[in-house]
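Asks: Below: sequence and its predicted model.
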Amino acid sequence: MEHFDVNELKEVARQIRRDIIKMLMISKSGHSGGPLGLADVFASLYFNILKIDPKNPNWTERDYFFLSAGHLCPVWYATLARRGYFSISELTTLRKINGRLQGHPAPAYTHGVPGVEIASGALGQGLSVAVGCALGLRLDKKPNRVYVLHGDGELDEGQIWEAMMTAGHHKVDSLIAIVDRNNCQIDNRTDKVMELEPLADKWKSFGWHVLECNGNDIEQFLKTVKQAQALKGKPTVIIAHTFMGKGVSFMEDDYKWHGVPPNDDQGKQALSELAPTKYGDFIEFEWERAKQPVEVEAK
Amino acid sequence: MLKYQTKELKATRLGFGEALVELGHENPNVVVLGGDVTGSVRTDLFMKAFPDRFLSVGVAEQDMMGTAAGLAVAGKIPFASTYGEFAVGRPFDQIRQSIAYSRLPVKICASHCGITVGPDGATHQSLEDLAIMRVLPHMTVATPCDYHETKKMIKASINWKHPIYIRFFRDNTPVFTDPSSPFEFGKATTLIDGTDVTVIACGLQVWEAILAEEVLAAEGISVRLINMHTIKPLDEAVVMKAAKETGAIVTAEDHQKHSGLGGAVAEVLAQSIPTPLEFVAVNDTFGESGKGDELMKKYGVAKDDIVKAVRKVLQRKKR
């Protein structure tokens, strides 16, 4: 178990952001905005909150984590690698043939990476999966917690609301859902594409405890998760307010960065805004070697 | 004379419901998901016997498939059951991503399949499900021909490590298989041996083929009858052997002509032993309300259609 303090988590989150930028510069394909906005949440989950063993990803006593919005996986991959699920140098293989870092995540027993329990990418499916997992654990009277992370745009999907009802109906209180409330989705701001508000009231009316916090404030996020863990009788959702592209000035709060990677100049600019950390980047030769095949890759 | 006798009529869905209860006693990890049609698909039997392991998700098939996948992640053995169209058409994306691609051993059990669901009409007549499920990598597709075979199939599915789709029916239908004969997914059973032509049937068309064989035998035609209970993985060896030894094949299914059992057999034959082949199936059309037996005749999947198809394929064989 890792229980990094807030200052350590900030350092880890900054390194995760650097990793995301570098991964996307190499892959030249993938999502920038959402993953950058979630670095604080992922650092907190994997280096403080989750009960996990990276060397034994199928540990039966683990907390289960599901990423329902699969396109956010660059932040997940960077976090899993930094946490020791697989080699950091493997981050150079994002979205590449014969690699395990699929454009949208797949479990290790298909062709994905350890730490991924189930495939995601087609939106809106993860809450049902998390509810099923929590119900299964409850049947066995096991104390494992189940966490699931959603994008806010993803909540447009009807299956989410089916699963919200199911979780409320069955009072699945080992379940904590986190909504990345950055108000951005591919086409536009969420209120332009599909109004979600009053979001908290909607979850409440479906039988959930609702907590809100600043998802880019690690201290506040940790405190909110602690609070969620103590709540009983209903599932809990944390609406985590974040900024898309957090940490990179020209990406922050701009929906246009939902699904595109930085080009070389933008990537260098982004890295200059994210100070290097004590953990260090991918080592140089892997970075260079990995770059070669990408340059000839067909678009 | 009929080569198989039936003493009673019983529904395949009842075999499903009873097998679930037996499995519930044998294995504490068996869980059943309910989609508000429990009395119809006979999961009510499991619900009464094991209320704690019966999970209602409401009329929400997409959520049902996702929840089943999550239960499998947690080590449970989930059976997700509803009517055919809503077990396949509605939650296809959930099955594809959360079950098939994720390779989770969820049992998708579809009742009320085919044209024989009758009076409910075309919206409820699942005639595309074999094709839709068969195209998914990692997915096993099977359909029993009577009550006993349904029980055996459901009980065997518990040890099957792949995602599986099992298709059965609403109506009370002839019970004619031997409850004690062995069952294995992917291994077809030859019900009648013959040398002139082979009928490969699945589901309720197996009984129709038994009736057809009596007519054809009286005409001096020696019919081999194969019960192809597993559409995927298809028992290719038995198909190729039939092609070699009888030289003409008819497939029979209560499903669209395209990409079901007939399509699967055609794929094998085209790639190995091109052989005259006729399809008894619904011909690229939706159904309508009516009685099951009336619809089977009108939509071309009854005994007489098999008889005609056999005569036709034998004409082609001679040429």
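Replies: Sure thing, it's come through.
Asks: For the rest of this, base every contact and every neighbour count on C-alpha atoms.
Replies: Will do.
Asks: Buried residues of the helix or strand hosting B:Glu245, list them for me.
Replies: Taking DSSP states H and E as the criterion, B:Glu245 maps to helix B:236-246. Within helix B:236-246, the residues that count as buried by 16 or more other C-alpha atoms under 10 Å in any protein chain shown are B:236, B:238-240, B:242-243, B:246.
Asks: And for stretch B:21-36?
Replies: B:21, B:23-24, B:29-36.
Asks: and what of stretch A:98-110?
Replies: Per 16+ other C-alpha under 10 Å, stretch A:98-110 contains these buried residues: A:100-108.
Asks: Report the residue ranges of every domain in chain B.
Replies: Split into domains by automatic domain parsing, chain B comes to B:9-174, B:189-318.
Asks: Can you tell me which residue sits nearest the middle of chain A?
Replies: A:Trp76 (5.1 Å; C-alpha atoms, centre = their mean).
Asks: Isn't that one up against A:Phe42?
Replies: Yes - counting by C-alpha atoms under 8 Å, A:Trp76 touches A:Phe42, with 7.0 Å between them.
Asks: Give me every residue in the stretch 51-200 of chain A lying close to chain B.
Replies: By C-alpha under 8 Å from any C-alpha of the partner chain, the residues of the stretch 51-200 of chain A that approach chain B are A:106-107, A:110, A:117-120, A:122, A:125-137, A:139, A:159, A:162-163, A:166.
Asks: quick one, helices of chain A?
Replies: With helices called from DSSP state H, chain A shows them at A:6-27, A:33-37, A:39-44, A:73-83, A:126-139, A:158-169, A:190-193, A:199-205, A:218-230, A:264-273, A:284-295.
Asks: and the angle for the first one with helix A:264-273?
Replies: Orientation note: helix A:6-27 sits at an angle of 170 degrees relative to helix A:264-273 (axes from the mean of the first three to the mean of the last three C-alpha atoms, to 10 degrees).
Asks: And the fifth one, by the same measure?
Replies: Relative orientation of helix A:126-139 with respect to helix A:264-273: 50 degrees, computed using the same axes, to 10 degrees.
Asks: quick one: buried residues of helix A:126-139?
Replies: A:126-139.
Asks: Please apply the same query to the second one.
Replies: By neighbour count, with 16+ other C-alpha under 10 Å as the criterion, the buried positions of helix A:33-37 are A:33-37.
Asks: any chance of these in JSON lines, with distance to chain B and pLDDT too?
Replies: Listed next are the buried residues of helix A:33-37 as JSON lines, based on distance: C-alpha to the nearest C-alpha, whole Å; pLDDT from 0 to 100:
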{"residue": "A:Gly33", "distance to chain B": "24", "pLDDT": "97"}
{"residue": "A:Gly34", "distance to chain B": "22", "pLDDT": "97"}
{"residue": "A:Pro35", "distance to chain B": "22", "pLDDT": "98"}
{"residue": "A:Leu36", "distance to chain B": "26", "pLDDT": "98"}
{"residue": "A:Gly37", "distance to chain B": "26", "pLDDT": "98"}
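Asks: for the spatially most central residue of chain B, what are its contacts?
Replies: Nearest to the geometric centre of chain B sits B:Thr143, at 2.0 Å (C-alpha atoms, centre = their mean). Taking C-alpha atoms under 8 Å, 6 or more residues apart in numbering or on different chains as the criterion, B:Thr143 is in contact with B:150, B:166-168, B:202-203, B:229-231.
Asks: likewise A:Asp5?
Replies: A:Asn48.
Asks: Look up phi and psi at it.
Replies: phi -80, psi 180 (degrees, to the nearest 10).
Asks: Over to B:Thr150?
Replies: Dihedral angles (degrees, to the nearest 10) for B:Thr150: phi -60, psi -50.
Asks: who are the neighbours in contact with it?
Replies: B:12-13, B:15-16, B:143-144, B:168.
Asks: Can you tell me which of those residues is closest to chain A?
Replies: B:Phe16 (22.3 Å; C-alpha to the nearest C-alpha).
Asks: can you put the helices of chain A in TSV and add distance to A:Val248?
Replies: Converted to TSV, those look like this (distance: least, C-alpha to C-alpha, whole Å):
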stretch	distance to A:Val248
helix A:6-27	9
helix A:33-37	8
helix A:39-44	12
helix A:73-83	15
helix A:126-139	29
helix A:158-169	31
helix A:190-193	21
helix A:199-205	27
helix A:218-230	17
helix A:264-273	5
helix A:284-295	21
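Asks: Looking at those helices, spot the one closest to B:Leu127.
Replies: helix A:158-169 (24.9 Å; C-alpha to C-alpha).
Asks: Run through the neighbouring helices and strands of that closest one.
Replies: In this structure, helix A:158-169 packs against helix A:126-139, helix B:61-73, with contacts taken as 3 or more C-alpha pairs under 8 Å, 6 or more residues apart in numbering or on different chains; DSSP states H and E.
Asks: Touching the shortest one from outside, list them.
Replies: By C-alpha under 8 Å, 6+ apart, the residues outside helix B:61-73 that reach it are A:117-118, A:125-136, A:159, A:162-163, B:33-35, B:57, B:77-80, B:82, B:86-87, B:90-91, B:94-95, B:98-99, B:104-106.
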